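Student: Generate a structure from the sequence data that follows.
(2 chains)
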Amino acid sequence: MTDQADQSRRNFLYVAAGGMGAVAAGATVVPFIGSMFPAADTLAAAKTEFDVATVEAGQLVVIQWQGKPVFVVNRTEEYLKEVDGHDAMLKDPNSEAIEAVTAEWMTPENRKYRSIKPEYLIVVASCTHLGCIPLFKPTAGRKEWGESVPEDWPGGWHCPCHGSLYDISARVINGSPAPHNLHVMPYKYLTDTKVVIG
Amino acid sequence: MLDKIMKTRLFAWIDERTGAEAIIKSQLTEYPVPKNLNYMWNFGSLALLVLVLQILTGVFLAMYYKPSAALTMGGYTVAFDSVERIMRDVNFGWLIRYMHAVGASAFFVVVYMHIGRGLYYGSYKGPRELLWIIGVVILLIMQGAAFFGYLLPWGQMSFWGATVITNLFGALPVLGEYLQQLLRGGFAVGDPTLNRFFSLHYLFPLLLAAIVGGHVHALHVVHSNNPEGIDVHSDAERINFHPYYTVKDAFGVGIFLTLYCYVIFFNPQMGGYFIEVDNYVPANNLQTPPHIAPVWYLTPWYTILRSFESKLLGVLMMGASLAILFLLPFLDRSKVRSARYRPVFKQMVILFFVCVIVLGYCGHSAPTPTLKLVGQIATTYYFLFFFALLILPKFEKTKPVPDHI
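Tutor: Have a look, this model is predicted:
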């Protein structure tokens, strides 16, 4: 034993002990942070089944999927006509920016309808600006809606929170604060009318 | 390591505004501690560790726990189901709940060792009387927090434990009935009781954290006692807390965590001692379980309660058995602190530890005439110990105490 401390040995011990401590602390953090993610029963409720035949022609129904509101609209012939003719007003007419749906049904012809069956539009009902539920204002023009919509309103949704506008295929209209079209979530038809969302 | 950090510009900036360097030096790196502390002095820092673990796990459990006695579709209650959901569905919920439930028992193991050390080595004597008294306050708040927490799973033991304990207050004359209703928020333990116990179970640990701060501050004013129980005068008898005792405490933490993890992962209910089996049966206010006993850490006081024929006397004596701890520094007037140099006290205090364990055993067992008698004898000695200390210095021949350590 000398009075002189062996500094390199001491430093090694510091780093080794500190390193092991850091690994242990990190491993302890995992279950705590992990516990804050959705629990198993929450994840189990991640799919929703719905029968679109219960929606009358021209009617909008709001259902829940993963606790989020979802629009199901039964679009009449008249509404489907509103899909065309205003592409210049849209930020993203073909939903190229966000469309997470790479499903087979999303063909170039289908892009303007944004649905498997053109008459049934199914989209997440949260405005892509800050998440409010837009109001359904399906008829074109200001006749029914007054000043809340522009003069050349093609028919669609108007968000009451910050005035975002969407057309009848839920595509965002130029000048809206919302950056994207309403999201289309993955879904498929189990039977002719039964849909499973998620 | 620490001294390197203390040389940085960031630290200098903070130090100018907080005096951090002076605090770290006076409380840690240059805080003088007697050089002869044995491993019994590890339990203070361990208690602090368990308190932190309990608060941490408790905060995360509260994210999923629901304090409601309302019935669910399955026929159970919201509270019971939320605990089962934590066990089954929440990610790592089982781990966090077992950490918390085992932690409660671990907390008392550690704190009882800490108190036992204080008794044996005379740490309650002057100038540490107030340090001891603050410690007794901590013990009472801990017992309260544990009692409130035990109601939350809303199982049979939760419900009947709370019923029995709140009934104790009903034994008090005149005010008893009102006090009981005040605690329960109703005529029996029910939904309002569950809600307020959850609120208080969250409040008490915050009180604990603050009072533990006071306990540590009081310690740092009067400094640690030591196994010899003598005052330390020269620097040769002292070493700095850091690194010497931080390393020793860290070693103790390692051993503690090993045992703690063993229980959590391999035996979380500890054979019904840490989590009672009957508590997995949902609370039923129309049926008492066949054998009802508090969790082990409250059983000594439960035996004192049961040892008296009169309900009121039992309640008062149970209160007295805890209250007398406050008086201990003033009952024992011996000039010598450590049991090492007090031959009679040494035997008395060891017998006292045995007596508390016997009381605990009796309280955990179903009442029989024999156990009742044993409990009564132990209860008698429990009180006798304290009053005997009053006259002990008059005839005890203490051994010569060393001048220095």
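Student: For whichever residue of chain B sits closest to chain A, what are phi and psi?
Tutor: Per CB to the nearest CB, residue B:92 is where chain B lies closest to chain A, at 3.5 Å. Yep, even glycine has a C-beta here, placed from its N, CA and C like the rest. With angles defined as degrees, to the nearest 10, residue B:92 sits at phi 60, psi 10.
Student: Distance from the chain centre to stretch B:315-331, please.
Tutor: 16 Å (CA atoms, centre = their mean, to the nearest Å).
Student: Check stretch B:128-138 too.
Tutor: 13 Å.
Student: Name the residues that touch that stretch?
Tutor: Residues outside stretch B:128-138 that contact it (CB atoms under 8 Å, 6 or more residues apart in numbering or on different chains) are B:111, B:114-115, B:118, B:123-124, B:208, B:211-212, B:214-215, B:218-219, B:222, B:225, B:322, B:325-326, B:328-330.
Student: Check stretch A:33-43 too.
Tutor: Outside stretch A:33-43, the residues touching it (CB under 8 Å, 6+ apart) are B:60, B:63-64, B:85, B:88-93, B:96.
Student: Which members of the residues you listed are positioned in helices?
Tutor: Judged by DSSP state H, those include B:60, B:85, B:88, B:93, B:96 as members of helices.
Student: Confirm for me that the last one is in contact with residue A:32.
Tutor: Yes - applying CB atoms under 8 Å as the test, residue B:96 and residue A:32 come out as touching, 7.1 Å apart.
Student: Among the contacts of stretch A:33-43, name the buried ones.
Tutor: B:60, B:64, B:85, B:89-93, B:96 (16 or more other CB atoms under 10 Å in any protein chain shown).
Student: For chain A, give me the ranges with low pLDDT.
Tutor: Applying pLDDT under 70 to chain A flags residues A:1-3, A:98-103.
Student: any chance you could map the helices in it?
Tutor: A:7-34, A:40-44, A:77-81.
Student: Most tightly packed of these?
Tutor: Mean neighbours per residue, mean count of other CB atoms under 10 Å in any protein chain shown, is largest over these for helix A:77-81, with a mean of 15.
Student: List of residues touching it?
Tutor: Residues contacting helix A:77-81 (CB under 8 Å, 6+ apart): A:58, A:73, A:113, A:118-119, A:138, A:155, A:168.
Student: And those, which of them are buried?
Tutor: The buried subset of the contacts of helix A:77-81 (16+ other CB under 10 Å) comprises A:73, A:113, A:118-119, A:138, A:155, A:168.
Student: which one among these gets closest to residue B:42?
Tutor: Closest approach to residue B:42 among those (CB to CB): residue A:73, at 68.6 Å.
Student: give me every residue that touches that closest one.
Tutor: A:55, A:59-61, A:79, A:120-121, A:136, A:138.
Student: same check, this time on residue B:351
Tutor: By CB under 8 Å, 6+ apart, the residues touching residue B:351 are B:381, B:385.
Student: pLDDT at it, what is it?
Tutor: Listed pLDDT for residue B:351 reads 98.
Student: For residue 93, which non-adjacent residue is spatially closest?
Tutor: Just going to use chain A. residue A:87 (4.3 Å; CB to CB, 6 or more residues apart in numbering or on different chains).
Student: ah, no, chain B please
Tutor: Using CB to CB, 6+ apart, the closest residue to residue B:93 is residue B:86 (3.8 Å).
Student: Please apply the same query to residue B:204.
Tutor: residue B:145 (3.8 Å).
Student: Okay, and the one you found sits in which element?
Tutor: helix B:129-151 (DSSP states H and E).
Student: returning to that earlier point: closest to chain B out of the buried ones among the contacts of helix A:77-81?
Tutor: residue A:73 (32.6 Å).
Student: Tell me what the closest one is bridged to.
Tutor: Beta-bridge partners recorded for residue A:73 (DSSP bridges): residue A:60, residue A:121.
Student: Return the distance of it relative to residue A:56.
Tutor: 11 Å (CB to CB, to the nearest Å).
Student: Stretch A:164-171: which residues count as buried?
Tutor: Using 16+ other CB under 10 Å as the test for burial, stretch A:164-171 gives A:164-171.
Student: taking those one by one, which sit in strands?
Tutor: Per DSSP state E, strands hold the following members of the buried residues of stretch A:164-171: A:165-167.
Student: Pick the one among those closest to residue B:350.
Tutor: For these, the nearest to residue B:350 is residue A:166 (81.0 Å; CB to CB).
Student: so what's the closest one closest to, chain neighbours aside?
Tutor: residue A:157 (4.2 Å).
Student: beta partners for the one you found?
Tutor: Bridge pairing for residue A:157 - DSSP bridges - gives residue A:136, residue A:166.
Student: Now for it, how many residues are close by?
Tutor: Applying other CB atoms under 10 Å in any protein chain shown, we find 26 residues neighbouring residue A:157.
Student: Am I right that it is in contact with residue A:169?
Tutor: No - judged on CB under 8 Å, residue A:157 makes no contact with residue A:169 at a distance of 10.2 Å.
Student: and for the helix or strand where residue B:324 lies, what are the contacting residues?
Tutor: Element membership for residue B:324 (DSSP H and E) is helix B:311-331. Helix B:311-331 is contacted by residues B:119, B:124-126, B:128-129, B:132-133, B:136, B:139-140, B:168-169, B:171-173, B:301-302, B:304-308, B:379, B:382-383, B:386-387, B:389-390 when judged by CB under 8 Å, 6+ apart.
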